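Trainee: Here you go, sequence then predicted model.
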Amino acid sequence: MTTIKDILEYFEEFAPVDTAMDFDNCGLLIGSKNKPVSRVLVALDITNEVVDEADRLGAELIISHHPVIFNAIKKLDSSSVPYRLAEKNISAVCMHTNLDLSESFGVNLCLANAVGLKNTRLCKSGECLFIGELDTDIESFAKTVKTNLNCSGLRYTNVKNEIHKVAVSSGAGGSNVESAFYEGGDVLLTGEIKHHEILLANELGISIVDAGHFKTEDIVISPLCRKLSERFGNTGFTKSEVCNDKIKYI
């Protein structure tokens with residue numbers, strides 16, 4: 001039977017934990033690596049709703065992108081997610097910036113593939129910044145992102161209409177505007193961008209598409225389930241149905 005150790009070793013082949021950024025907390029955060037698992041729930045975040053879902057499914061492990069333990073824990077309330085995971089004997093493996101930065105399979109590559117980019121590569125000038133090729137215009141690209149990421153809405157600027165190179169930085173990647181420009185990007189696709197970063201993009205003459213943190217990262221979950229299922233055929237990997245950011249657009 002598959003153990004958590006087997007799954008961790010497989011992640012080392014395409015998203016090694018030691019490639020994560022210094023501030024991060026990745027790997028096995030709750031549980032024992034020797035624990036056998038027959039059913040695994042995969043989600044962007046581990047919330048109380050996701051814990052309940054895993055419990056209903058009989059999952060022994062949850063694999064998430066965002067770490068369930070990020071900062072030092074100084075107290076542990078019985079209603080907290082880490083406490084409830086331990087209480088229900090559900091382990092947690094969290095693969096964050098190591099999965100963002102993976103050059104063979106990861107969040108940004110899945111995002112780039114979802115919106116049709118070609119020849120995507122990791123940029124050395126920015127954190128979690130990839131760049132790919134696509135010949136289109138900004139409005140068509142924004143519509144493609146909205147459709148392919150199943151967004152209820154998004155924000156974009158039409159500063160540069162003709163698009164040939166697309167910079168991609170999933171989640172909170174707005175800080176990569178300047179790096180995207182220096183890499184030759186005509187547009188930056190991200191999930192969060194601050195007002196001053198939008199103004200900088202305007203000054204540099206680079207368009208932005210802000211599709212939301214959740215939508216730009218949840219895109220990795222289904223492909224990750226398929227990848228793990230192909231490697232561990234005797235273990236069931238299920239994408240969470242309850243994990244979402246509850247954002248609505250009017």
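Mentor: Done, it's in.
Trainee: tally of neighbours for Val209?
Mentor: With neighbours defined by other Cβ atoms under 10 Å, the count for Val209 comes to 27. Bear in mind the C-beta positions are built from the backbone N, C-alpha and C, glycine included.
Trainee: I meant Glu9, not that one.
Mentor: The burial count assigned to Glu9 is 11, neighbours taken as other Cβ under 10 Å.
Trainee: Please apply the same query to Lys143.
Mentor: Lys143 has 14 nearby residues by other Cβ under 10 Å.
Trainee: Confirm that it sits in a helix.
Mentor: Yes - note on Lys143: a helix contains this position according to DSSP: H, G, I helix; E, B strand; the rest coil.
Trainee: Return the alpha-carbon coordinates of stretch 78-87 using PDB.
Mentor: As requested, the backbone C-alpha atoms of stretch 78-87 are provided in PDB (Å, rounded to 0.1, in the frame of the first residue of the first chain):
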ATOM      1  CA  SER A  78      -9.800  22.700  19.700                       C
ATOM      2  CA  SER A  79     -11.600  24.300  16.800                       C
ATOM      3  CA  SER A  80      -8.500  25.100  14.800                       C
ATOM      4  CA  VAL A  81      -7.700  23.200  11.600                       C
ATOM      5  CA  PRO A  82      -4.400  21.600  12.800                       C
ATOM      6  CA  TYR A  83      -6.000  20.400  16.000                       C
ATOM      7  CA  ARG A  84      -9.000  18.900  14.200                       C
ATOM      8  CA  LEU A  85      -6.700  17.200  11.700                       C
ATOM      9  CA  ALA A  86      -4.700  15.600  14.500                       C
ATOM     10  CA  GLU A  87      -7.900  14.700  16.400                       C
END
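Trainee: Could you give me the buried positions within that stretch?
Mentor: Along stretch 78-87, these residues count as buried under the neighbour rule (16 or more other Cβ atoms under 10 Å): 81-82, 84-85.
Trainee: okay, the residues you listed in a markdown table with pLDDT and secondary structure next?
Mentor: As requested, these are arranged in a markdown table below (pLDDT from 0 to 100; DSSP: H, G, I helix; E, B strand; the rest coil):
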| residue | pLDDT | secondary structure |
| --- | --- | --- |
| Val81 | 98 | helix |
| Pro82 | 98 | helix |
| Arg84 | 98 | helix |
| Leu85 | 98 | helix |
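Trainee: Next, give me the two most distant ones among those.
Mentor: Between all members of the buried residues of stretch 78-87, the longest pairwise span (Cβ to Cβ) is found for Pro82 and Arg84 and amounts to 7.4 Å.
Trainee: Can you tell me the SS state at the residue lying farthest from the centre of the chain?
Mentor: Computed with Cα atoms, centre = their mean, the residue of the chain farthest from its C-alpha average is Glu203, at 28.6 Å. Three-state secondary structure (criterion: three-state DSSP) places Glu203 in helix.
Trainee: do you know how far the residue most central in space within the chain is from Ala114?
Mentor: Residue closest to the average C-alpha location in the chain (Cα atoms, centre = their mean): Glu217, at 3.2 Å. With distances defined as Cβ to Cβ, to the nearest Å, the gap from Glu217 to Ala114 amounts to 11 Å.
Trainee: for Asp52, same thing?
Mentor: Applying Cβ to Cβ, one obtains 29 Å for the distance of Asp52 from Ala114.
Trainee: Comparing those two, which residue is more hemmed in?
Mentor: Here Asp52 and Ala114 are compared on neighbour count by other Cβ under 10 Å; more neighbours surround Ala114, at 19 against 13.
Trainee: I figured that one hits Asp218, correct?
Mentor: No - when contacts are counted by Cβ atoms under 8 Å, Ala114 is not listed as touching Asp218 (10.5 Å).
Trainee: now the strands for this structure?
Mentor: For the chain, the strands defined by DSSP state E cover 27-30, 39-43, 61-64, 91-94, 118-122, 130-137, 155-156, 162-169, 187-190, 207-210, 236-239.
Trainee: Mind checking the pLDDT average for the shortest one?
Mentor: Taken as a whole, strand 155-156 carries a mean pLDDT of 98.
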